[in-house]
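> Can you look at this prediction? I've put the sequence above it.
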Amino acid sequence: MISDSEVLTLVFKFAQNHPSGKRKFIFAGYLSSKEVMDVLSVSKRKLAEWRNAGLLPAKVFGNTFYYSVNDLVIMLERNYTGKAAGI
């Protein structure tokens, strides 16, 4: 059986060699760390804390973490209190 990491590697290799060069659509349904930080207005450290605590699973390709949009929604639904942190 092929691992998730091997699948990601194959997909990236395919995308890099594809004539259209539209690599950004290969990870449909996933956001990079930077995209998650921008969307949720959280720091790199906070994102790492969520990942390390098991609140937000991630896939790694190269030096970049990718997060499933579905996993983000689940995490937010389970943990959203309606209050800003520190208030």
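That came in fine, so what should we check first? Numbers count the residues shown, from 1 in each chain.
> hey, which helix or strand in the protein has the poorest pLDDT?
Of all helical and strand segments in the chain, the minimum by mean pLDDT, DSSP states H and E falls on helix 4-17, at a mean of 58.
> next structured bit after that one?
With elements assigned by DSSP states H and E, the helix or strand that comes after helix 4-17 is strand 30-32.
> name the helices or strands packed onto that following strand?
strand 64-68, helix 69-79 (3 or more C-beta pairs under 8 Å, 6 or more residues apart in numbering; DSSP states H and E). C-beta: built from backbone N, CA, C; applies to glycine.
> and with 10 Å instead?
helix 33-40, strand 59-61, strand 64-68, helix 69-79 (3 or more C-beta pairs under 10 Å, 6 or more residues apart in numbering; DSSP states H and E).
> Most tightly packed of those?
Of all the helices and strands packed on strand 30-32, strand 64-68 carries the top mean neighbour count, a mean of 18, counting by mean count of other C-beta atoms under 10 Å.
> Give me the residues contacting that strand.
Here strand 64-68 makes contact (C-beta atoms under 10 Å, 6 or more residues apart in numbering) with 8, 27, 29-36, 44, 47-48, 50-51, 56-60, 74-75.
> picking up where we left off before, got the helices and strands packed on strand 30-32 as CSV, with mean pLDDT columns?
Formatted as CSV, the helices and strands packed on strand 30-32 follow (pLDDT from 0 to 100):
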stretch, mean pLDDT
helix 33-40, 87
strand 59-61, 89
strand 64-68, 90
helix 69-79, 84
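> Would you mind measuring from residue 80 to residue 73?
10 Å (C-beta to C-beta, to the nearest Å).
> What is the neighbour count of residue 50?
Neighbours of residue 50 under the rule other C-beta atoms under 10 Å: 20.
> A strand includes it, no?
No - with DSSP: H, G, I helix; E, B strand; the rest coil as the criterion, residue 50 is assigned helix and is not in a strand.
> Surely it is in contact with residue 78?
No - using C-beta atoms under 10 Å, residue 50 is not in contact with residue 78; the gap is 11.5 Å.
> check contacts around the closest residue to residue 66 other than its chain neighbours.
If the residues on either side of it in the chain are set aside, residue 66 comes closest to residue 30, at 4.4 Å by C-beta to C-beta, 6 or more residues apart in numbering. Residues counted as contacts of residue 30 (C-beta under 10 Å, 6+ apart) are 8, 36, 58-59, 61, 65-72.
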